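[1] Kindly generate the corresponding structure for this input.
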Amino acid sequence: MSEASGTLRPMNSVTAHDYAWIRTSPLFRHMRESGYTLTLIRGRTPREVLRAMGAKPRGTGEGTAGLIEANDAHHAEGGGDYWDESYVAGAFSVPGENGDWTLVLGFDGGLGIASPCVETLSKGGRAVAHSTNGGMPIHLFHWFEDGELRTTFESASSRDGRTPDELVPLMREVGFPLTCEGGDDESAPDVDRKAAVLALAERLTGICVTESLLRDAAYELGLVPEWPAEEWTGVVIDITDAHGERLHREWTYEEIATATDRARAEAEAPVVITYNEPSALDRSERETGE
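    Coordinates of the predicted model:
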């Protein structure tokens, strides 16, 4: 993509088909099963990025094998704590559109670099990230421009961000089955959505991610600590079933707290068992057998 005119213009014609290799890639299979985040940040060195992530230096790693080994060793040191969200990230410099970029790869369960951190790193530049949580799975895409989250989505037809529809033309070009308005196009051929995400990332960065690029890079390693939990103010459930029926419901923190307190009070209330004594007439009928 080019920014010379102040608008997004395609710099190449890459599509999802160019990333068909991920279907048979042992490395990418490991990434998807383990949960990963891959982030591309323009104009920042690997050391700058790891420092902004709060990562403690862990030396270097030769290729993804070295990165995986360092990450596994870290979790082994912690006794394999399932709830430990710290991880070892690897970063290296790679040429892309308008200069050098830093590619950061982490087998982090798809947690991703914290948004405030990426916003800061993208100021005066651009950052693009995609991830998979390795479980359900959940696949996410984020595009930051000059410190602002411009477009983010899990489902291509349900986007968010400052400019959620700006990438729709590009998304259609790389293979996402979308209408011109950005809705689902049921008449379009289906596509590997992860391959389409990789193609979209290349359109935005000029960086062609290949298995050999990730596998053979010399990574600068850093131990990324757990981020403190953010305060939350509510919960949103937004589900569309197979028939197109949508359920959208929002609960505030106060509503949830009130309902929780009520349920707790009901659960802790004493159980009263009553026994209805039969009337004298009922007893008389049973005694006489009538």
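[2] does T102 count as helix, strand or coil?
    What DSSP: H, G, I helix; E, B strand; the rest coil gives for T102 is strand.
[3] just checking, L50 is part of a helix?
    Yes - assessed by three-state DSSP, L50 belongs to a helix.
[4] Quick check: closest non-adjacent residue to E97.
    G206 (3.2 Å; CB to CB, 6 or more residues apart in numbering). Placement of C-beta: from N, CA and C, glycine included.
[5] whoops, I mixed them up, V168
    Nearest-residue entry for V168: G182, 4.3 Å, with adjacent residues in sequence omitted and distances by CB to CB, 6+ apart.
[6] and L111, what does it touch?
    Listed by CB atoms under 8 Å, 6 or more residues apart in numbering, the contact set of L111 reads G35, T37, E85, Y87, S131, N133.
[7] So which of these sits lowest on pLDDT?
    Lowest pLDDT within the contacts of L111 is found at E85 (83).
[8] Need phi/psi at that residue.
    Taking degrees, to the nearest 10, you get phi -100, psi 10 for the backbone angles of E85.
[9] which residues sit in contact with it?
    D108, G109, L111, E226, W227.
[10] Please report how far it lies from T120.
    Between E85 and T120 the distance is 20 Å, computed by CB to CB, to the nearest Å.
[11] can you check W21 too?
    33 Å.
[12] V191 too?
    V191 is 34 Å from T120, by CB to CB.
[13] neighbour-wise, which of the two wins?
    V191 (17 against 14; other CB atoms under 10 Å).
[14] In space, what's closest to the more buried one - neighbours in sequence excluded?
    That would be G175: by CB to CB, 6+ apart, it lies 4.2 Å from V191.
[15] quick one, strands of the stretch 51-200 of the chain?
    For the stretch 51-200 of the chain, the strands defined by DSSP state E, counting those that start in this stretch cover 56-62, 87-96, 99-106, 126-132, 139-145, 148-153, 159-160.
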